[in-house]
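K.L.:
A structural model of the following input is requested.
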Amino acid sequence: MTKIRIYDPAMCCDTGVCGPSVDPELTRVATAIFMLEKENINIKRFNLASEPQAFVDEGLIQQLLHEEGVDVLPTILVDGEIKLKGSYPTNEQLAEWAGVSTDLLTKQPKKSKGIELL
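P.N.:
Next comes the predicted model:
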């Protein structure tokens, strides 16, 4: 099974989806990760501010940070290989790496009696 790891820069919360002005890109990524988790895809996300040990434990990330600094974040590893650094993956990239249909990550939530259902 594919293993996807996302190493985020320091953010105020685990997803970065908080505060008065939410970055739509962070919302998209958080939603995509949620949808992949629902499909039992092995995907995890680490925030430099709240989980610094994960950055130390992963040798590639530790080396990148030492050589290039925090501007390489976010960095995405897929099966231990750097796939992307300095930006978040598109839904298409996530779907490809996870081996799922892109439709899974672009579905609009269903509404039922005013409640959004995913």
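K.L.:
can you pull the pLDDT of Q108?
P.N.:
Predicted confidence (pLDDT) for Q108: 58.
K.L.:
let me fix that: S21
P.N.:
Looking at S21, its pLDDT reads 62.
K.L.:
ditto for G114
P.N.:
54.
K.L.:
could you point out the longest helix in the protein?
P.N.:
Assignment by DSSP state H gives helix 24-38 as the longest helix of the chain.
K.L.:
and W97, how many neighbours does it have?
P.N.:
20 (other C-beta atoms under 10 Å). All C-beta atoms are positioned from the backbone trio N, CA, C, and that covers glycine.
K.L.:
which helix or strand contains it?
P.N.:
helix 91-98 (DSSP states H and E).
K.L.:
kindly export that helix (C-alpha atoms) in PDB.
P.N.:
What follows is helix 91-98 as a C-alpha-only set of coordinates in PDB (Å, rounded to 0.1, in the frame of the first residue of the first chain):
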ATOM      1  CA  ASN A  91      -6.000  16.700  -6.300                       C
ATOM      2  CA  GLU A  92      -4.800  14.900  -9.500                       C
ATOM      3  CA  GLN A  93      -1.400  14.200  -8.100                       C
ATOM      4  CA  LEU A  94      -2.900  13.000  -4.800                       C
ATOM      5  CA  ALA A  95      -5.300  10.700  -6.600                       C
ATOM      6  CA  GLU A  96      -2.500   9.300  -8.800                       C
ATOM      7  CA  TRP A  97      -0.200   8.600  -5.900                       C
ATOM      8  CA  ALA A  98      -3.000   7.000  -3.900                       C
END
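K.L.:
got the contact list for the helix or strand just after that helix?
P.N.:
Sequence-wise, the next helix or strand downstream of helix 91-98 (DSSP H and E) is helix 102-106. The contact list for helix 102-106 (C-beta atoms under 8 Å, 6 or more residues apart in numbering) reads 31-32, 35-36, 39, 91-92, 94-95.
K.L.:
how far out from the middle of the chain is helix 102-106?
P.N.:
Centroid separation for helix 102-106 versus its chain: 15 Å, with C-alpha atoms, centre = their mean, to the nearest Å.
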